[in-house]
Each structure stands twice: as C-alpha cells, then as structure tokens.
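>>> sequence and predicted structure are below.
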Amino acid sequence: MLYLNDLVSHVAPGRKSVQDLAEELLLSPQDVSVFRTVFGLRQIAVVEDGGIFELLDKALEKIVSSMSVDIQQIKYIFHCHAAPCVCPSGGDLIGALKKKHGLQHAVSVGLAQDQCATPLTALHLADVLLHDEDDDAKVLLLTGEVGFDARLRLIPNTTIIGDASAACLVGKQGDRNTVLAVAQRKFEHASIQPTTSFIPVPATSYGDDLIQVVREVLNQASLSIEQLSLILIHNVNSISWKFFARNFPCPIGLIYLDNVARTGHCFTSDPFMNYCDALEAGRLKEGDYFMMVSVGTSSTFAAVVLKH
Amino acid sequence: MQDPVGIWLISQSYMSSPCVRIQAYCHQSFTEQQPVPTVAPWLDSYFHGLLEPFGLKTDLSQLDGGRNNDFLTMATQVIRALQANCPIDDVSLFLMAHQTLDTYFPFRSTTTLLCREFNIDAPAIGLTEQELTSPYIALTTLLAALRRESFTGSGLLLVLDQATLPYKRPGSLENNIDNALVMKLTANPDAKGISVDGKRYWTEERSRKSSWIVQSIYSYLDSRRLELKDVHVVVDDSLDPAVGSSLPTSPSIADARFMSSAGLVSTMNLIANGSSHVLLVHMSNDGHLYLFSFGGQTPPVSKSGDSCST
C-alpha cells in the first residue's frame, strides 16, 4: 500500500493573459477567443526570474521545511517531467539541488516519456523500489519544468502551458492519502513513423479513452464515481472535462477546475498543485475518496484513486 | 545499415535456483550516417533554450559530421532483432534508460511508440539525466520488480544513446557510437539465462575513498559467496583508477564508445567470450556505488532480497 504523505506546490508568480501571449504563440484573435471562452483559460503562470532550477528549488524548500519525516528517509528522488529532456547530458540539475537540500544520500533520476502523466505512472516505480526498503522509506516525486519555447508553451487547439512545480512524498506508511488503485494505459493513437511534428490525440477518441481509464481505476478500487468527493485533473482546458462529466456521467462540480483559468496547464504539476489548492479551499475532508487524473500527449492516460 | 556488435539468445543455464536472469540480449551499433534533419526541432531555438541554463551552447556543426541515428530508429531495430529470437509478449515492465537526450520534439514519446509497435501492454517509462548511471537505476528497478511475488511476466531494459547532438557534450568522445542495447529479464525459475543481481552502496562524501569502494566490493562478493579471484571485474569511466590498482588483478575497462551502455556491453561480451562470473562496478556522479554480478554461481536471492539496500 502506498501513501502520499506530504504534498506541496509552487506556482510561478508571474502571470500573462492569453491575450498577452498571443504574439509569442502566434495566436489569432479567434484563437485567443476560443482559448478564453471555450477552453476556459485566462491567466497563465510564467517564470519571470530564473528558470527550472529556481522553480524546483522552491518546491524542495517547501517540502523539506514542512515534511513530517526525517530527510534520511528519502531514498529516491524522481524528477518527473513532460519533455523527454529538461537537463541535457553535461548539465547538472538535480545533483545541485540535492546538495543544497542535504539529499545526497538519495538516488535521483529523471523520469519521462509519459509526458504530463509521468508523476502518476511513476507511482508504479515508487511501489517497486519501496518494497525493498525499510517501512519508513520514502520516494520524493518532484515535478516542474519551464515553457521556455513557444512550442512548449502551446499545444495547438488544446491548451497553453504554465510554469509550476510540486513535491510529493510517497511512502509505505502514512495516515492520509492512501493510494487505493492506479490505472495507466497507452492507447493506440501514436504513430511509429518518425516525425518531428506534434501528434495530437484524436479528439474523438480522447474522451472515450479517458472514460475507460477512469472506469478501470474505479473498478480496481471497488468504488463508484458517486463515492468520490473530488477529481483532481490536468488543467489542459475546461471543455474536455465538461465533455467528460456529461459522458461519464458525473456532476461537473466533482471536477476541480479552478486552476484552469488561474494558471493554465502546468506540465506534470497539475494534480499535485490542484490537491494543495483544493485542500486549502476545504474541498477535501478526512476520509474522502478522491481521484487524480492526467494524460500525456502521446496517449498515456493515468488515474489514481486515493482516500484522504 | 547497422553494424551488429552482438546479438544472441542466452542459452547457458548457469544455475537452477530461482533468481533473476537475462533471458535474451541484443546490442547493436549504428554506424551509417543519416542526413542532418532539416526541420524543427533540430535547427531552431528549442535547443538553445534547453541548453543555455546549463552553460551549454548550441553548435549545429556537430550534426554535419555525425551519424544522426535517432532513438526510435535504433530502438525499433534492436528490439525487433531480440524479438526474432525471444518473444516479448509477456513483458510487464519496460524501462528505457539513456545518457544523451532523446532529440524528438517534446510531447512525443519513444516508449509509447515502441509499445504500440511491439504490442507491449505494460508500464513503460524513461529514466534519464543521471549520465552513465540511468541504466543502473533502471536495472536495479527491474531486479526489484522481478523479485516480487506479485510481479508476473518479464522485464525489458532498453539502453541507448546517440552521439550526434546539436551541441558539444562535455565528456563526449570523438569515437562515441550511436548504439542500443536491449535485454529481457525474467524471474521464471524454468527459464534459462544468465543470473544477475545487484546492490547499491552509499556513504558520506568524506568517507568515499577508493578503500571504501574496494571494501564494498569484497563485502558484496562475500555476501554472494564469491571470491574476487573467481570473477572478472568490469569498471567504467566513473571509477577512480586507484580502485583498479587496489584490486589483485586489473579490471577490464568498459568500452566508453558506447556511452551509458558501456558497462553492460562489456559485461555481456565477456560472458559471451567465456567468463563465468562478471562483477560490474559503477560509481554515480553523486557518489552511489553500484555493484552487479552476472552469471556463475550467484546464490539465489529471496523475494525480499537486498539489491538496493544502502
């Protein structure tokens, strides 16, 4: 059994409106209107000073200062990112952060390839590695990257991406956020043909695939959607979640959409960031069942059911 | 046209006790020069934004003389070659590890594309950004997974690197070769193959001397009921040369041309050439010592084994 012991997030303090980003992202007035009125995006969180190091540093500072465990209990650090690479060979990112925060004893590695779903699929590796460790051992899931290029900032006709980071301590012991079930699927839409262009998930199947994974994880947890108190989502846009709510079906109020307008879709950090904000807003109570869901652009869908 | 370095199905059965085995293995180098890609993301600002925070500079001239083999092409070929000798339809965990970056545009996934191509219906994830160490973290993870009672099926480890990058990589060698390695691991007691086991050690930086490494090697071998004289030791670039000189016999130096595959390629080549026991030694940049034993009379490791204890 896994537990999410401690979670913190840091949202880059800068904000740009969709209109502000129109020139940089080559958005037409019509695009801006669609992103605002149909997709529900308003403000995008952006790093104004510093870069990925500072972004991750903020999340690490928060988790190290607030966590309820001894730092020596952290055995692994997974930096989960959406892009295949955020630190090229020859550079050092996590090593310097580990040194700063006294985490040299932990094994660290970058995890990628499931894009924005990576921190949820990483739970599988955390489970595997914790099995061989002491009962109080922890894996630290670290998320966060910066949209330094227009093609990182924009997924055409889908979302605009913001900058945030998060840290989540995962352990075999805990008193909250029990992981009841994890489901992940890679669906059939990806092409094997090498190409340098973005391959969008066909809109027609996205909704069906999402529903399938959510059903699968609920089945694993032996729960119905009515028993959930909250669904913590990727903040790609609001329209896709409205479709989900209509087609699953479930009340739209079950889905935590607040950050879609406030930050945009922040790479891999959304579910953890939404957890922190929902908790602060009083949306989760002790004993509540809730779900985290995320989707990678390569058609990796991941969902986790937890008990708070 | 690729230059096969080694492809063989493991047929040796060194022991019958339950442990993790390498059931099949394939390594290929890719020496044919591919044309320089002419479209994004190679030749634009993306790489500048990626490299600049780390003090690295985009240098597109690196592409002109390079081989430009990409991860997807190499991985597809090496897995296909392995699959021709050994079915992979029972893979339950697929890990891809690499030192150099996957140059495809962000939001594409090499592992997803490979899963679709080879009908792998299993978690598949990439491990990276730890220089030469990522494959050893991946192997440690697979060993831990395979030893679990609840784990069914096999594990697939893919290690690959491309030498042609749009920047001069610190530490790169002129003769680095685009290459890919794949091994299928199993804990099936009926399967034949080379046994593999491993353990990670860590100590405070001030204590991390060559004497500590040598002591850890002896401790590890002792726990496996092996003696140093009976094993062929392979070390990679990561290790202080003083370690080698402290051992009774000189270790083999892994073939650095193969970047993060080097240690595993050299190990498997030694086994292919008749070595019955190989000890692979690697020290990560952040001071973790990885020791892996391959082949021979490695004793069985229980399901709650200690390959990752510190």
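All right, it came through fine.
>>> grab the nearest non-local neighbour of A:Leu93.
Spatially, and ignoring its direct neighbours in sequence, A:Leu93 is nearest to A:Cys87 (3.9 Å; C-beta to C-beta, 6 or more residues apart in numbering or on different chains). In this view, the C-beta of every residue, glycine as well, is placed from N, C-alpha and C.
>>> contacting residues around the residue in chain B positioned nearest to chain A?
With C-beta to the nearest C-beta as the measure, B:Phe54 is the residue of chain B nearest to chain A, at 2.9 Å. Contact analysis of B:Phe54 by C-beta atoms under 8 Å, 6 or more residues apart in numbering or on different chains lists A:Cys87, A:Pro88, A:Gly90, A:Gly91, A:Asp92, A:Leu93.
>>> one step back: the residue nearest to A:Leu93: which element?
Using DSSP states H and E, A:Cys87 falls within no helix or strand.
>>> where does it land on pLDDT?
You'll see A:Cys87 listed with a pLDDT of 94.
>>> was I right to think it contacts A:Leu97?
No. Contact criterion C-beta atoms under 8 Å: A:Cys87 and A:Leu97 do not qualify, at 10.6 Å.
>>> quick one: which of those two has more around it?
A:Cys87 (24 against 20; other C-beta atoms under 10 Å in any protein chain shown).
>>> what sits against that one?
A:Ile52, A:Leu93, A:Ile94, A:Gly110, B:Phe54, B:Glu129.
>>> got it, and B:Ile79?
B:Ile79 sits in contact with B:Cys26, B:Ile88, B:Leu114, B:Glu117, B:Phe118, B:Leu156, B:Leu158, B:Val182, where contact means C-beta under 8 Å, 6+ apart.
>>> just these: which are in helices?
Residues of these located in helices (DSSP state H): B:Leu114, B:Glu117, B:Phe118.
>>> now distance to chain A too, for those residues, in TSV please.
As requested, these are exported to TSV (distance: C-beta to the nearest C-beta, whole Å):
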residue	distance to chain A
B:Leu114	8
B:Glu117	5
B:Phe118	10
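>>> B:Leu228: which of these is nearest?
Proximity of the ones in helices among the contacts of B:Ile79 to B:Leu228 (C-beta to C-beta) peaks at B:Leu114, which lies at 39.0 Å.
>>> surely the closest one touches B:Thr76?
Yes. B:Leu114 is in contact with B:Thr76 according to C-beta under 8 Å; the separation is 6.8 Å.
>>> if we go by neighbour counts, what in stretch A:223-233 is buried?
Going by neighbour count (16 or more other C-beta atoms under 10 Å in any protein chain shown), the buried part of stretch A:223-233 is A:Leu223, A:Ile225, A:Leu228, A:Ser229, A:Leu230, A:Ile231, A:Leu232, A:Ile233.
>>> run through the stretch 201-308 of chain A and note the low-pLDDT ranges.
A:201-204 (pLDDT under 70).
>>> same thing but 50
Filtered on pLDDT under 50, the stretch 201-308 of chain A yields the residue ranges A:201-203.
>>> what's the distance between whatever residue of it ends up closest to chain B and A:Ala82?
Using C-beta to the nearest C-beta, the single residue of the stretch 201-308 of chain A nearest to chain B is A:Ser298, 3.4 Å away. Using C-beta to C-beta, to the nearest Å, A:Ser298 is found at 10 Å from A:Ala82.
>>> in terms of neighbours, single out the busier of the two.
Taking other C-beta under 10 Å, A:Ser298 and A:Ala82 do not tie; A:Ala82 has more neighbours (29 against 25).
>>> right, is the strand or helix carrying B:Leu291 up against chain A?
B:Leu291 is part of strand B:288-294 when elements are defined by DSSP H and E. Yes. Counting by C-beta under 8 Å from any C-beta of the partner chain, contacts between strand B:288-294 and chain A involve B:His288.
>>> so which elements touch that strand?
In terms of contacts (3 or more C-beta pairs under 8 Å, 6 or more residues apart in numbering or on different chains; DSSP states H and E), strand B:288-294 is packed against helix B:134-146, strand B:194-202, helix B:210-223, helix B:262-272, strand B:278-283.
>>> what's the angle from it to strand B:278-283?
Angle between the axes of strand B:288-294 and strand B:278-283 is 170 degrees (criterion: axes from the mean of the first three to the mean of the last three C-alpha atoms, to 10 degrees).
>>> angle of strand B:288-294 against helix B:262-272?
20 degrees.
>>> show me what the mean pLDDT comes to for strand B:288-294.
95.
>>> for chain A, what are the nearby residues on the stretch 151-300 of chain B?
Proximity of the stretch 151-300 of chain B to chain A (C-beta under 8 Å from any C-beta) is limited to residues B:165, B:167, B:169-172, B:200, B:202, B:205, B:284-288.
>>> need the residues you listed in JSON lines (columns: neighbour count).
Formatted as JSON lines, these follow (neighbours: other C-beta atoms under 10 Å in any protein chain shown):
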{"residue": "B:Leu165", "neighbour count": "26"}
{"residue": "B:Tyr167", "neighbour count": "22"}
{"residue": "B:Arg169", "neighbour count": "20"}
{"residue": "B:Pro170", "neighbour count": "13"}
{"residue": "B:Gly171", "neighbour count": "13"}
{"residue": "B:Ser172", "neighbour count": "18"}
{"residue": "B:Arg200", "neighbour count": "22"}
{"residue": "B:Trp202", "neighbour count": "20"}
{"residue": "B:Glu205", "neighbour count": "10"}
{"residue": "B:Ser284", "neighbour count": "22"}
{"residue": "B:Asn285", "neighbour count": "12"}
{"residue": "B:Asp286", "neighbour count": "21"}
{"residue": "B:Gly287", "neighbour count": "16"}
{"residue": "B:His288", "neighbour count": "24"}
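>>> helices of chain B, start to end?
Along chain B, counting by DSSP H, helices occupy B:45-51, B:61-64, B:71-85, B:110-118, B:134-146, B:210-223, B:241-246, B:262-272.
>>> picking that back up, just give me the closest of the contacts of B:Phe54 to B:Lys209.
Nearest to B:Lys209 among these: A:Asp92, at 22.8 Å, using C-beta to C-beta.
>>> for that closest one, which non-adjacent residue is spatially closest?
When the adjacent residues along the chain are set aside, A:Asp92 lies closest to B:Phe54, with 7.3 Å between them (C-beta to C-beta, 6+ apart).
>>> now do A:Gly110
B:Glu129 (3.4 Å).
>>> which residues of the stretch 151-300 of chain B score low on pLDDT?
Across the stretch 151-300 of chain B, the ranges flagged by pLDDT under 50 are B:297-300.
>>> show me where chain A has helices.
For chain A, the helices defined by DSSP H occupy A:18-25, A:29-33, A:52-66, A:94-101, A:118-131, A:150-153, A:203-221, A:239-247, A:258-263, A:270-280.
>>> now these in CSV, with distance to chain B?
Shown next, in CSV, are those (distance: least, C-beta to the nearest C-beta, whole Å):
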stretch, distance to chain B
helix A:18-25, 12
helix A:29-33, 19
helix A:52-66, 6
helix A:94-101, 5
helix A:118-131, 4
helix A:150-153, 6
helix A:203-221, 13
helix A:239-247, 16
helix A:258-263, 19
helix A:270-280, 15
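>>> how about CSV for those helices, with distance to A:Gly171 added?
As requested, the helices of chain A are exported to CSV (distance: least, C-beta to C-beta, whole Å):
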stretch, distance to A:Gly171
helix A:18-25, 39
helix A:29-33, 44
helix A:52-66, 13
helix A:94-101, 18
helix A:118-131, 7
helix A:150-153, 32
helix A:203-221, 19
helix A:239-247, 30
helix A:258-263, 26
helix A:270-280, 15
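>>> closest one to A:Ala302 among those helices?
Closest of the helices of chain A to A:Ala302 is helix A:118-131, at 3.8 Å (criterion: C-beta to C-beta).
>>> what angle do the closest one and helix B:134-146 make?
Using the same axes, to 10 degrees: helix A:118-131 against helix B:134-146 is 70 degrees.
>>> and the angle for helix A:118-131 with helix A:270-280?
90 degrees.
>>> how far away from the center of its chain is helix A:118-131?
The chain centroid and the centroid of helix A:118-131 are separated by 14 Å, computed with C-alpha atoms, centre = their mean, to the nearest Å.
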